[in-house]
Structure formats: C-alpha cells, structure tokens
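*Asks:* Sequence and predicted model, in that order:
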Amino acid sequence: MLGGTFDPVHLGHLRSALELLEVLQLDRVHMVPAKVPPLRDTPQVTPEERLTLLQLGIGDTPGLVADPRELERDGPSYSADTLASLRREYGDQARLVMALGHDAFLRLADWHSPQRLFELAHLVVIDRPGCEAPLTTALAELIEGREVFSPGALMRRPAGGLLRLALPTRLSISATEIRRRLASNRSVRFLLPEAVEGRILDNLLYRRR
C-alpha cells in the first residue's frame, strides 16, 4: 500500500511505486488516495478527481492499482483502517507492506493508532534526499526492535517489521511546487504523466480562483 493525497499524482509517486514493486518483489502496489487526510490540509481538488488523475497516471502499468477504498469510507482516512481492509481481503498470512516517505515517517507517532499499523503490516520507509532529522523519543520507542535491513528479512513474517529503503531512482518532485506552477500558469511538462497534465490543463485544475 502506498497512500497519500496524490495532489496531483506525479512521476515521483509513480516511479517510487514501480520500484517498490520490483525491489520488494511484490504482487501489486495499491496506490490509495486519501479522501480526508487527518494530518494535512484538505486538498483543493476533490477526491474523485484525484482518483481519476491517478488512474490516468497509472494507465496499464502492470502491478499498480488505483485503489478507491478510502473514498468509499466516511470520516478521516486513517491508514490503520485501510490496512485492516486489505488484511481482511488478503488473509492473515499475506505479507502486507505500507510504504511512506521519510518526512511522513518522522510524524508516525502522531498518527491514529500507530501501534496497530505494525500489527497489520510491515512499514517501509522510502529515504528522501535531505531528510536527516533525528527521531523523537516517541517514534524511537514505537519502532524499537522492529527494524530489519533487507527485503528478505522483512518478508519472513506477515507484519510487524520496519525497513528503510533507498530506491534506485529518487526523483525529488514536489506536488506543492507543481500546484504553485499550475496556479501561476507555468509549465509542468516532464513532472507529470502526459495524460495527467492534459486533464489538469483541460479542466483548469489547480488554477487560482
């Protein structure tokens, strides 16, 4: 599972998902747009539109799935609830992985039911250039004894481990900067899949009102 606002989905998101699939030898990666992100401002584009952009971005890429399950639930989009849904779908013995960026990982202790995340899945932290902040005491206690250092060691159990992973291609693309560029009518070419860029421009998404 790779969750996020995908506001909008860009090539960094999609390349990371594809490399997670390959490096961890996963069957599939569920890319799950948040309907109501609990720890972020509400996106200016609707969840349904962000899902459509994600579907366009993925296209026919094998192994990547645009998963609407958080749009189908009421209330905040808690990752623990999404993982519980995936666990019911795949069974107790399936190896489930939730991937998140290092910046999100640093706030993990503030998430809803963070301990439950490890009961349901492994966590894989995608290293990002420039993210070197020290762990808080609460986060250090949360992950104590959970870290492993290879995908093979992670996959020995269905859940409960933590792996920090530097992906082969680390595209430092910012959705925030993309929104700024769109708002000021500047080019976003080569930051987004062509189909995503086309829909955004055709529908005047992310323009200042």
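*Replies:* Received the coordinates, thanks.
*Asks:* so what pLDDT did Val23 get?
*Replies:* With respect to pLDDT, Val23 has a value of 97.
*Asks:* which ones are touching it?
*Replies:* By Cβ atoms under 8 Å, 6 or more residues apart in numbering, the contact set of Val23 is Pro151, Leu165, Leu167, Pro168. C-betas here are computed from N, CA, C, even on glycine.
*Asks:* out of these, who's nearest Met98?
*Replies:* Leu165 (12.4 Å; Cβ to Cβ).
*Asks:* what does the helix or strand Leu86 falls within contact?
*Replies:* Element membership of Leu86 [criterion: DSSP states H and E] is helix 79-90. Helix 79-90 has contacts (Cβ under 8 Å, 6+ apart) with 1, 3, 30, 32, 69-70, 73, 94, 96, 98, 111-113, 116-117, 120-121.
*Asks:* Keep only those of those residues that are in strands.
*Replies:* Secondary structure from DSSP state E places Gly3, His30, Val32, Met98 of the contacts of helix 79-90 in strands.
*Asks:* Make sure the last one is actually in contact with Leu123.
*Replies:* When you say that, I think you mean Met98. Yes - Met98 is within contact range of Leu123, at 5.5 Å (criterion: Cβ atoms under 8 Å).
*Asks:* so what's in contact with those two at the same time?
*Replies:* With Cβ under 8 Å, 6+ apart as the test, Met98 and Leu123 both reach Leu117.
*Asks:* re earlier: Throw together a PyMOL command that grabs the buried residues out of the contacts of helix 79-90.
*Replies:* In PyMOL, a selection of the buried entries from the contacts of helix 79-90 looks like this (16 or more other Cβ atoms under 10 Å):
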select buried, resi 1+3+30+32+69+70+96+98+111+116+117+120+121
